[in-house]
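> sequence-free structure coming up:
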């Protein structure tokens, strides 16, 4: 699903260049649930942003489901993000003046799907994350866990090839975190490919594979026995 | 760009962000409202000027006798100057190429009686030319003519209100009235745009008035209608040579400002038109400034709106909004708000002006203020255009924002 070869990325900090990714080789197969672990500054978020086409690499290859991702203009990147990727952020990033349903339906709006159809579909995914009754509430009326579940529904509504989650439990307490991870596991069990960036060991162990990143290189890449989040709830 | 969904999205954004919408809309409305108001008031002021000067002819010079303030050629100062009949003849003779008509004006107040009714009125002894100077309009009969003056007839033309006072609903034509002890025949009734006072006057041949006053040849004032083709410069030249001639004839020191007073309506008109013109320019500058201020206002709001929405734009881009979609949403929202509120301000402004009419006439000299619809619409469109342009620049910048930058902007 994802093929990455010799990926380099550096940021210019004044006159110095900060070399963040120093040659990443990395593949993800269909249906995997991968955790990318590392301390802050290890380059894990940069890697995720490049995979998410929110940022571009300086060097290296990135192929998503057989499509080489390079030389993208803004419009094309936007279309690819819309069709291929679903984002889940640490701070939820819901639009505060839109209801849960409207937030979930927004990616479909950018696909030019008719209004009625997109509301039906958004409702279906809200139902899947267990928030059907909350569809007409604003984000400010939802708890952190509910907000993140709305964000997950929004990430899934366009049926992307890959879900990218950046510290999705970072703003949640541990019980809520496990609930959210339980949802992620269930979505994965349905066959969705999911990448989770985290620095929390217990969250990482709820995935099926952990990639350890340190100072811009992969130091360890191992399959792990998945800990079911439900056990902790 | 114009599909229903885009608009639904825009309406939703507008509905959910009422304060922002109201603020930017208010700026635009106020800008246009002030513009329309200023231009309208200036037009009202000009209407007033035109109205004042339309009541009397503008190609007219009035001569008033004064009292000298300097001794000259053996005459002491403080000598009362008087005009006489031969002054009329001399002016006619010497300035024939300038003068269209000339008339003396002898003002006398008189008790006027008809049957049981009586009242005090101003009578004016005139020649036929006075009718043109005052733009007197005859409702019935005729004005004083050359024959009246030559034969010293006891004919009078009375104002509309004089007839109303003395005759009520009866016809005054051909009736005889008692004017200060002499009997006159009413030969005409006139009206005058100059107002009620001018319609309470009575015109009689000046020669008749002089006959009543022991056959004197003194006259109060002189009105000269000069040929219109003289234009402003010609009128000023005529005024100067006339002044020189009369001062010479009446033995007044050429430097003396008080011997004779000359009121040149053409000069006053020019001065007033210049004044109104300057006012119009000032008002136009202020009005233009208002539009500029409106544009700056809406630009500021747009910059703020985009800034405020940076994160939202980042989210939208992350979930697949193209730069074009971002720009069109922001731009259409801004065009929509400026258009609605711009035309609202314009309509309110024009409606307010039209209700004013002549209500401000007495205190502020503003008559029928109004603005050309074309000008109002152009100004509104200008504001919409620049408002959109002002929205486009930050929108374009917003579209370029990298989603990661926008999203980390907490």
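Done, it's in. These numbers come from a predicted model, not from an experiment.
> centre of the chain versus the longest helix anywhere in chain A, how much separation?
For chain A, the helix that runs over the most residues, judged by DSSP state H, is helix A:174-189. Averaging C-alpha positions (Cα atoms, centre = their mean, to the nearest Å) puts helix A:174-189 13 Å from its chain's average.
> flag every buried residue along it.
Neighbour-count burial for helix A:174-189 flags A:176, A:177, A:178, A:179, A:180, A:181, A:182, A:183, A:184, A:185, A:187, A:188 (criterion: 16 or more other Cβ atoms under 10 Å in any protein chain shown). Every C-beta, even on glycine, is put in place using the N, C-alpha and C of the backbone.
> so which strand or helix has the residue most central in space within chain A?
Geometric centre of chain A, nearest residue: residue A:164, 1.6 Å, by Cα atoms, centre = their mean. Per DSSP states H and E, residue A:164 falls inside strand A:162-166.
> not counting its neighbours along the chain, what's nearest whichever residue of chain A sits closest to chain B?
Nearest residue of chain A to chain B (Cβ to the nearest Cβ) works out as residue A:82 at 2.4 Å. Nearest non-adjacent residue to residue A:82, counting by Cβ to Cβ, 6 or more residues apart in numbering or on different chains: residue B:320, 2.4 Å away.
> I figured the one you found hits residue A:78, correct?
Yes. Here residue B:320 reaches residue A:78: they are 5.4 Å apart, a contact under Cβ atoms under 8 Å.
> quick check: neighbours shared by the two?
By Cβ atoms under 8 Å, 6 or more residues apart in numbering or on different chains, residue B:320 and residue A:78 have these common neighbours: residue A:110.
> on that earlier part again, ok, the residue nearest to residue A:82 - contacts?
Counted by Cβ under 8 Å, 6+ apart, residue B:320 has contacts A:78, A:79, A:81, A:82, A:83, A:107, A:110, A:111, A:158.
> hmm, try it at 10 Å
A:77-87, A:106-111, A:158, A:160 (Cβ atoms under 10 Å, 6 or more residues apart in numbering or on different chains).
> can you tell me which of the residues you listed are in strands?
Of the positions in the contacts of residue B:320, A:85, A:86, A:87 sit in strands, assigned by DSSP state E.
> residues in a beta bridge with the first one, which ones?
Each beta-bridge partner of residue A:85 is listed here: residue A:162, as defined by DSSP bridges.
> quick one, helices of the chain?
Answering for chain A, as no chain was given. For chain A, the helices defined by DSSP H occupy A:44-51, A:74-84, A:100-109, A:115-128, A:144-157, A:174-189, A:201-204.
> you answered for a different chain; I wanted chain B.
B:4-16, B:18-54, B:85-94, B:130-134, B:146-151, B:160-167, B:206-212, B:231-249, B:265-308, B:310-318, B:323-356, B:361-364, B:373-400, B:403-408.
> what does the fourth one contact?
If you take Cβ under 10 Å, 6+ apart as the criterion, helix B:130-134 is touched by B:55-57, B:59-62, B:100-105, B:124, B:126, B:136-138, B:142-145, B:157, B:188, B:190, B:192-194, B:198, B:201, B:203, B:206, B:223-225, B:265.
> where does chain A dip in pLDDT?
Scanning chain A for pLDDT under 70 picks out the ranges A:233.
> which of the contacts of helix B:130-134 count as buried?
The neighbour-count test (16+ other Cβ under 10 Å) marks B:56-57, B:59-62, B:100-105, B:124, B:126, B:136, B:143-145, B:157, B:188, B:190, B:192, B:198, B:201, B:203, B:206, B:223-225, B:265 as buried among the contacts of helix B:130-134.
> domains for chain B, by residue range?
Annotated domains of chain B cover B:4-53+B:270-408, B:67-98+B:229-258, B:100-226 [automatic domain parsing].
> what about residue B:192? Give its phi and psi, please.
phi -150, psi 130 (degrees, to the nearest 10).
> hmm, residue B:391 is touching residue B:334, no?
Yes. Between residue B:391 and residue B:334 there is a contact under Cβ atoms under 10 Å: 3.4 Å.
> what's the overlap in contacts for those two?
Joint contacts of residue B:391 and residue B:334 (Cβ under 10 Å, 6+ apart) are B:24, B:298, B:299, B:301, B:302, B:305, B:306.
> compute the number of surrounding residues for the residue nearest to the last one when sequence neighbours are not counted.
If I follow you right, that is residue B:306. Leaving aside its sequence neighbours, residue B:306 sits nearest to residue B:394 (Cβ to Cβ, 6+ apart; 3.9 Å). Residue B:394: 22 surrounding residues under other Cβ atoms under 10 Å in any protein chain shown.
> sorry, back to before: make CSV out of the buried residues of helix A:174-189 and add distance to residue B:149.
Formatted as CSV, those follow (distance: Cβ to Cβ, whole Å):
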residue, distance to residue B:149
A:176, 111
A:177, 114
A:178, 118
A:179, 114
A:180, 111
A:181, 116
A:182, 117
A:183, 112
A:184, 114
A:185, 119
A:187, 113
A:188, 117
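> thanks a lot, catch you later.
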